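Enquirer: Let's see this in three dimensions:
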Amino acid sequence: MSSHTVLIIEDEPSLVEVLSYNLEKEGFEVLTANNGRDGLERARSALPDLVILDLMLPLIDGLQVCAQLRSDPKTQNIRVLMLTARSEETDEVVGFNVGADDYVTKPFKV
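Expert: Coordinates of the predicted model:
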């Protein structure tokens with residue numbers, strides 16, 4: 001049985017640790033990047049099944065990362081889950097407009 005790959009693009013180390021631990025425990029292969037630029041490079045080289053993407057990232061923000069993933073034929077079909085501390089409805093709408101498949105607000109501060 002082949003494992004599915006998840007790329008976590010998140011700049012909060014403690015959240016990356018929690019997400020990675022739980023995903024690996026469920027049998028997923030987990031890749032990580034702590035800024036938007038590195039996340040885009042990892043997505044393009046690894047072609048993960050899912051990207052968990054923070055909205056507020058250094059170097060390139062999550063909205064730009066998502067838009068670039070969607071505009072590249074090589075990465076346009078990767079599922080993207082936006083994960084953010086921002087809870088405004090307009091942020092969610094913008095996330096969906098740039099191509100996010102789903103949008104989750106972080107329920108706690110790590």
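Enquirer: For the chain, which element, helix or strand, carries the lowest mean pLDDT?
Expert: Taking mean pLDDT, DSSP states H and E as the measure, the helix or strand of the chain with the lowest value is helix 89-97, at a mean of 54.
Enquirer: what distance separates the start and the end of stretch 3-18?
Expert: Start-to-end span of stretch 3-18 (Cα to Cα, to the nearest Å) is 19 Å.
Enquirer: again but with stretch 27-45, I slipped
Expert: 21 Å.
Enquirer: my read: Leu50 touches Arg79, true?
Expert: Yes - contact between Leu50 and Arg79 holds when scored by Cβ atoms under 8 Å: they sit 4.8 Å apart. C-beta here means a position set from N, CA and C on the backbone, and glycine is covered the same way.
Enquirer: Which residue of these two possesses the greater neighbour count?
Expert: Leu50 (18 against 13; other Cβ atoms under 10 Å).
Enquirer: just checking, what packs against the lengthiest helix in the chain?
Expert: The single longest helix within the chain, with elements called by DSSP state H, is helix 13-25. In terms of contacts (3 or more Cβ pairs under 8 Å, 6 or more residues apart in numbering; DSSP states H and E), helix 13-25 is packed against strand 5-9, strand 29-33.
Enquirer: Make JSON lines from those strands and add distance to Asp61, mean pLDDT and mean neighbour count to it.
Expert: Output for the helices and strands packed on helix 13-25, formatted as JSON lines (distance: least, Cβ to Cβ, whole Å; pLDDT from 0 to 100; neighbours: other Cβ atoms under 10 Å):
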{"stretch": "strand 5-9", "distance to Asp61": "11", "mean pLDDT": "97", "mean neighbour count": "23"}
{"stretch": "strand 29-33", "distance to Asp61": "13", "mean pLDDT": "98", "mean neighbour count": "18"}
